[in-house]
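**Q** Sequence and predicted structure, then a few things I'm wondering about:
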Amino acid sequence: MTHIWLQYFPGWTLRILSFAIVSGLLSTAHVASAVDAEVSRLQAEAEEGFIPQEIDLAAAYFSGHGVAKDDKMAARWYRKAAESGDPEAENEIGYFYQVGIGVPADPGRALHWYQLAAASGLVRAKVNIGVLYLWGIGVPKNETVASDFFRDAVKENDGAAATYLGDIYYFGLGSQKDEGEAERWYMKGFKLRDPVAAFNLGVLFTGNDNHPHDLPKAVGYLRQSAAAGYVPAMHALGLLLIKHPELAESLEEARTMLDTASAAGSWKSSLALGVLARDGRGEAADPAVAYYHFQVAVMQGGEPAKQLLVRDLQMLSAKLKPEQSAALAANANTWFGQHQLALAFVYRNGGDWKRFPASARATSAAGVQAAQQTHFPPA
């Protein structure tokens, strides 16, 4: 998906809706010892077949919390919990098979696990099955079947399913394009607390040529989506408030949004931070700060970011001493080494992120069909 300077295509939403925490690193020996003891306890209880501990241990291996990060071990323990009949674990191992995390990518097995989870009553698994049919992942592409799954999920108050129905009408996927009907479904999703629906509505009121513009209303929708942890909304809101500071709740709001999105892996937010420092927008121009953020953006965004920023980096480097440029690049590399996962969501107050952190990971634009998880923040 493209999220730069408020460009957006709703149907390509990276809807991997679980949540990862943004927190500081605790490094005292006391905390490290406590973490080691906790992992040892989880390991022992998981080996005895306790399902909650199997899930917690899987999450620890995926996130590298207390143990060396190991996707294969994460998949192993989620699969064990799934084989014991836990619906959320069934859904999660389906996600792993759909994307290929710790196991070979296998859409057929992903569908199998989603079906088991759905049969146990897990609504989000119905949404995931709908996504497979919507894009033809491991099954024949069938937008009608996908819509049926989404409508069933909406009846059970699933907001993401309503948002997918909005996407179907917005793009005319297997049906006649109807932007009015799309907006009605997005509004339904918003009322059911789907952050992506709020984001879609915010974009519609901001930059859609066929839709009335209402920037205060757009900011309201984007702000609610960002508050729920949706990283693209943070990026879009940050850019919008930079252009319209009169709509900000504080002088720091725009910068905070971009900083958080950058830390979550949004290279376009890192790029925006570099532009602010380069041009002195809302702050004193600082080539060193701009150079640092552009270096981060290149590491996060790869070749597209590199091609976009190569000239800026050359011009900024000419303004800095060689040793200063080298130190800034090294600092950026160190930071990136600690923030390599690109996240679709961040969430600060607990929730399913602890047990299913993989679901917060974003995919590249080329992988928009991957892993549609639908975990929500607690009320």
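**A** Arrived safely.
**Q** Please parse this protein into its domains.
**A** 13-228+345-367, 266-340 (automatic domain parsing).
**Q** Now find how far off-centre the longest one is within its chain.
**A** Read it as domain 13-228+345-367. Relative to its parent chain, domain 13-228+345-367 has a centroid offset of 9 Å by C-alpha atoms, centre = their mean, to the nearest Å.
**Q** now it: mean pLDDT?
**A** The pLDDT scores in domain 13-228+345-367 average 84.
**Q** Please shift the residue numbers so they start at 41 in all later answers.
**A** Right, with 41 as the first residue, what we last looked at is domain 53-268+385-407.
**Q** what's the burial count for W117?
**A** 26 (other C-beta atoms under 10 Å). For every residue, glycine as well, the C-beta is placed using N, CA and C.
**Q** correction: V236
**A** V236: 29 neighbours (other C-beta under 10 Å).
**Q** I'd say it and Y270 touch.
**A** Yes: counting by C-beta atoms under 8 Å, V236 does reach Y270; the two are 6.4 Å apart.
**Q** looking at this protein, which residue lies furthest from center?
**A** The outermost residue of the chain, judged against the average C-alpha position, is K361 (37.3 Å), by C-alpha atoms, centre = their mean.
**Q** Got the phi and psi for that residue?
**A** Reported as degrees, to the nearest 10, the phi and psi values for K361 are phi -70, psi 150.
**Q** Please tell me how far it sits from A328.
**A** Distance, K361 to A328, using C-beta to C-beta, to the nearest Å: 10 Å.
**Q** for A100, same thing?
**A** For A100 relative to A328 (C-beta to C-beta), the value is 38 Å.
**Q** So for these two, which residue has more residues nearby?
**A** The neighbour count for A100 versus A328, taken as other C-beta under 10 Å, is higher for A100 (25 against 16).
**Q** Is that one in contact with A108, as I believe?
**A** No: A100 lies out of contact with A108 (C-beta under 8 Å); the separation is 10.1 Å.
**Q** Can you pull the residues that touch both of those two?
**A** The contact sets of A100 and A108 do not overlap (C-beta atoms under 8 Å, 6 or more residues apart in numbering).
**Q** buried set for the host helix or strand of A193?
**A** Assessed by DSSP states H and E, A193 sits inside helix 183-195. Buried residues in helix 183-195, counted by 16 or more other C-beta atoms under 10 Å: E183, V185, A186, S187, F189, F190, D192, A193, V194.
**Q** Likewise for stretch 110-119?
**A** M113, A114, A115, R116, W117, Y118, R119.
**Q** for stretch 150-167, same thing?
**A** Buried-residue list, stretch 150-167, by 16+ other C-beta under 10 Å: 150-158, 162-167.
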